[in-house]
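[1] sequence below, structure please.
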Amino acid sequence: MSTLQTLRFFATPEHECSYLDAEKARTLFVDPQADIDADIYAQLADMGFRRSGSHIYRPHCIQCDACISVRIPAYEFQMSKSQKRIWNKNRDLTVESIAPRLTDEIYKLYERYITDRHADGDMYPPSPGQFCGFLTDSNQQSQFHLMRDADNVLLGVAVSDTLQQGQSAVYTFYDPQHEHRSLGTFAVLWQLMQLREQRGGYLYLGYWVKQCRKMSYKARFYPLERLEQGVWVRVGDTERQESF
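    Sure, this is the predicted structure:
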């Protein structure tokens, strides 16, 4: 069994940054052959690591620190007025949690989302193999949270990992035709409410890049904590507002 002390890490060469134009990025990966149990995974999450399929990674850029690991303490979270409106707007939805799997219904929704929202990124074009490599291939305790309307139509899927200290929001995809529902924000709110009801802890949101507009929604959650030199600290109101 691996421990933090025995884990090996590998850094990639520089590559195009997914968040900032004209920037180069490097990524630090945990040895994919390592046996990562729930305890080590929890410790890695607290060190700013994320999961993509079976790969656990974090940014490792030499001259840039724009990617900030953030999390929300569930018991302290307070909905803003706009978040309450989003919550109420989606009260007609039901959410079912299942083990990760590839179904025709789920994949078609994923395909529509990637094609509509990320046709200019490295996730396009989508394929069943890419879907599985990204969202179902994992040794961690993961779930798909299926969001359905009153007619049982699948509108969105939130993917998350259970951590000893809370939950990690891995990815969310939804029907682009229902943009008015703000399903990405609703998925975060739903996961926070589940944590509060069940056991508390933190919801890890991955990386917040203040200069990236697609990530500005993360700064709208309060309170928000950021990882700074190995310590989780509260993000100030001024810093949050600067990203809006």
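[2] all strands of this protein, in order?
    Remark: strands assigned in the chain by DSSP state E are 9-11, 15-16, 24-25, 27-30, 50-52, 55-59, 68-73, 94-98, 142-148, 154-163, 166-174, 202-208, 225-228, 231-234.
[3] can I get these in CSV including mean pLDDT and mean neighbour count?
    Where you see a C-beta, it was placed from the backbone N, CA and C, and this is true even at glycine. Below are these laid out as CSV (pLDDT from 0 to 100; neighbours: other C-beta atoms under 10 Å):
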stretch, mean pLDDT, mean neighbour count
strand 9-11, 96, 12
strand 15-16, 92, 11
strand 24-25, 94, 16
strand 27-30, 97, 18
strand 50-52, 96, 20
strand 55-59, 96, 20
strand 68-73, 98, 22
strand 94-98, 98, 12
strand 142-148, 98, 19
strand 154-163, 98, 21
strand 166-174, 98, 22
strand 202-208, 97, 22
strand 225-228, 96, 17
strand 231-234, 97, 12
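[4] now these as CSV including distance to Glu111?
    Shown next, in CSV, are those (distance: least, C-beta to C-beta, whole Å):
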stretch, distance to Glu111
strand 9-11, 31
strand 15-16, 24
strand 24-25, 26
strand 27-30, 26
strand 50-52, 18
strand 55-59, 22
strand 68-73, 29
strand 94-98, 19
strand 142-148, 16
strand 154-163, 12
strand 166-174, 9
strand 202-208, 22
strand 225-228, 33
strand 231-234, 36
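[5] quick check: which of the ones you listed is nearest to Ser127?
    Nearest of these to Ser127, taken as C-beta to C-beta: strand 166-174 at 14.5 Å.
[6] so what strands line up beside that closest one?
    In the sheet, strand 166-174 lines up against strand 154-163 (antiparallel), strand 202-208 (parallel) (DSSP bridges).
[7] now render these as a markdown table, adding distance to Leu109.
    Output for the strands paired with strand 166-174, formatted as a markdown table (distance: least, C-beta to C-beta, whole Å):
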| stretch | distance to Leu109 |
| --- | --- |
| strand 154-163 | 6 |
| strand 202-208 | 21 |
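[8] give me the helices and strands touching the top helix by length along the chain, please.
    Counting residues, the longest helix found in the chain (DSSP state H) is helix 183-198. Contacts defined by 3 or more C-beta pairs under 8 Å, 6 or more residues apart in numbering; DSSP states H and E place helix 183-198 against helix 81-89, strand 142-148, strand 154-163, strand 166-174, strand 202-208.
[9] check whether Leu20 really touches Ala66, as I assumed.
    Yes. Look at Leu20 against Ala66 with C-beta atoms under 8 Å: they come within range, at 6.3 Å.
[10] give me the common contacts of those two.
    The contact sets of Leu20 and Ala66 overlap at Val209, Gln211 (C-beta atoms under 8 Å, 6 or more residues apart in numbering).
[11] against Gln33, how distant is the closest residue in space to Pro13 that isn't next to it in sequence?
    Of all residues not flanking Pro13 in the chain, Arg26 sits nearest, at 7.2 Å (C-beta to C-beta, 6 or more residues apart in numbering). Distance, Arg26 to Gln33, using C-beta to C-beta, to the nearest Å: 21 Å.
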